[in-house]
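Student: have a look at this fold, sequence not included:
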């Protein structure tokens, strides 16, 4: 902590507010106050919580004490490079009106940022999904169209070579009339980030827009890309595992089109990884498995299988 404070104060920047938040550090309160007092700096403010807060709540609590226009988050074992603030000031002045903003906050925090970006005529690249709900989307859409802005949601699976090949097979009618399709995704969320408490991930928290349906929304986007909007959509699911969460860990989505039905199965509490799909038509069949990146296509005149 002493080093972290030192690297901030050595920036030689007077217009700052240094908030130190002791997360569940009531037992070290005296020690921390002595460290802060030894700095003899009025810019330092100290706050603490009696009990330990989840990481995200801890950051947000500290941010609520800040009064400035810009916020920098640091851990007590972090430090700033010399002239860091000077370089940041230069960048902010130079790019005060950037061409593009990349938004990768938790899903429930997307909307306020995209709204402000659009109001400032900034093009937007946003992590999927757009948000955890569609509140305010119509007004945002009108704003983007009115200002002729670029707006893109990062459904990057549309750029996978084999998934693009499947799109071409469908569009070229190589499969014939679609009669069935199935998409499966499975993983084990406790193993995603072994270095942190998985229950604090946005995917596992309703207040941050979590749940497997939004977290693994890529396959639903592929369905829209391949087949368009369905006539009807239904979904069943819930917190089926033994690990209690306030979001769904398993869902089964049914998309009904005019002449066929698509099934999408999503789960992030299975102790194995799975991501695969198959699409059957009157003239052919195609499947892809992310495990091994196996692609298989068979129709009346062609048979192709490849492994990258």
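Tutor: Happy to help now that I have it. Note that the coordinates shown come from a computational prediction; the quantities given were computed from them, not determined experimentally.

Student: residue 242 and residue 62, how far apart?
Tutor: 34 Å (CB to CB, to the nearest Å). (C-beta placed from N, C-alpha, C; glycine too.)

Student: helices of the protein, residue ranges please.
Tutor: Using DSSP state H, the helices of the chain run over 2-9, 29-37, 55-64, 84-94, 110-119, 137-147, 161-171, 212-215, 218-227.

Student: need those helices in CSV with distance to residue 298, can you?
Tutor: Formatted as CSV, the helices of the chain follow (distance: least, CB to CB, whole Å):
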stretch, distance to residue 298
helix 2-9, 60
helix 29-37, 67
helix 55-64, 48
helix 84-94, 54
helix 110-119, 41
helix 137-147, 41
helix 161-171, 11
helix 212-215, 31
helix 218-227, 18
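
Student: quick revisit: who has more neighbours, residue 242 and residue 62?
Tutor: residue 62 (20 against 6; other CB atoms under 10 Å).

Student: show me what contacts that one?
Tutor: Applying CB atoms under 8 Å, 6 or more residues apart in numbering to residue 62 gives the contacts 19, 21, 47, 73.

Student: please indicate which of the residues you listed are buried?
Tutor: Among the contacts of residue 62, the ones that count as buried by 16 or more other CB atoms under 10 Å are 19, 21.

Student: sorry, back to before: buried deepest among the helices of the chain, which one?
Tutor: Stretch with highest mean neighbour count among the helices of the chain: helix 212-215 (a mean of 23; mean count of other CB atoms under 10 Å).

Student: before we move on, the earlier item: can you tell me which of the contacts of residue 62 is closest to residue 122?
Tutor: When the contacts of residue 62 are compared for distance to residue 122 (CB to CB), residue 73 wins out at 22.4 Å.

Student: report how many residues lie close to residue 11.
Tutor: As a burial measure, residue 11 scores 16 neighbours (other CB under 10 Å).

Student: wait, it sits on residue 84?
Tutor: Yes. Between residue 11 and residue 84 there is a contact under CB atoms under 8 Å: 6.3 Å.

Student: sorry, back to before: closest to residue 273 among the contacts of residue 62?
Tutor: Comparing every one of the contacts of residue 62 with residue 273 (CB to CB), the shortest separation belongs to residue 73, at 31.5 Å.

Student: could you check the pLDDT of that closest one?
Tutor: According to the prediction, residue 73 has pLDDT 87.

Student: just residue 184 next, same as before
Tutor: You'll see residue 184 listed with a pLDDT of 98.

Student: for it, list the residues it contacts.
Tutor: Counting by CB under 8 Å, 6+ apart, residue 184 touches 264-265, 274-277.

Student: give me that answer again for 10 Å
Tutor: 219, 263-267, 274-278, 289-290 (CB atoms under 10 Å, 6 or more residues apart in numbering).

Student: check residue 75 too.
Tutor: 1, 4, 55.

Student: repeat that for 7 Å
Tutor: Not one residue lies near residue 75 by CB atoms under 7 Å, 6 or more residues apart in numbering.

Student: equivalent analysis for residue 283, please.
Tutor: Residue 283 neighbours (CB under 7 Å, 6+ apart): 174-176, 299-300.

Student: go again using 8 Å as the cut-off
Tutor: Counting by CB under 8 Å, 6+ apart, residue 283 makes contact with 173-177, 299-300.

Student: who touches stretch 170-181?
Tutor: With contact meaning CB under 8 Å, 6+ apart, stretch 170-181 is reached by 169, 223, 226-227, 257, 259-263, 277-286, 297, 299, 302.

Student: one more: stretch 34-51?
Tutor: For stretch 34-51, the surrounding residues in contact (CB under 8 Å, 6+ apart) are 1-2, 5, 9, 14, 16-26, 29, 32-33, 58, 61-62, 65.

Student: same deal with stretch 135-150?
Tutor: Here stretch 135-150 makes contact (CB under 8 Å, 6+ apart) with 100, 111, 114-115, 118-119, 121-125, 130-131, 151.

Student: wait, residue 128 touches residue 217, no?
Tutor: Yes. Between residue 128 and residue 217 there is a contact under CB under 8 Å: 5.6 Å.

Student: against residue 76, how distant is residue 88?
Tutor: Taking CB to CB as the measure, residue 88 falls 21 Å from residue 76.

Student: swap that for residue 290, please
Tutor: Shown here: residue 290 relative to residue 76, a distance of 39 Å by CB to CB.

Student: for this structure, which strand is longest?
Tutor: Longest strand in the chain by number of residues (criterion: DSSP state E): strand 269-281.

Student: that one: which residues count as buried?
Tutor: For strand 269-281, the neighbour count (16+ other CB under 10 Å) marks 269, 275-277, 279-281 as buried.
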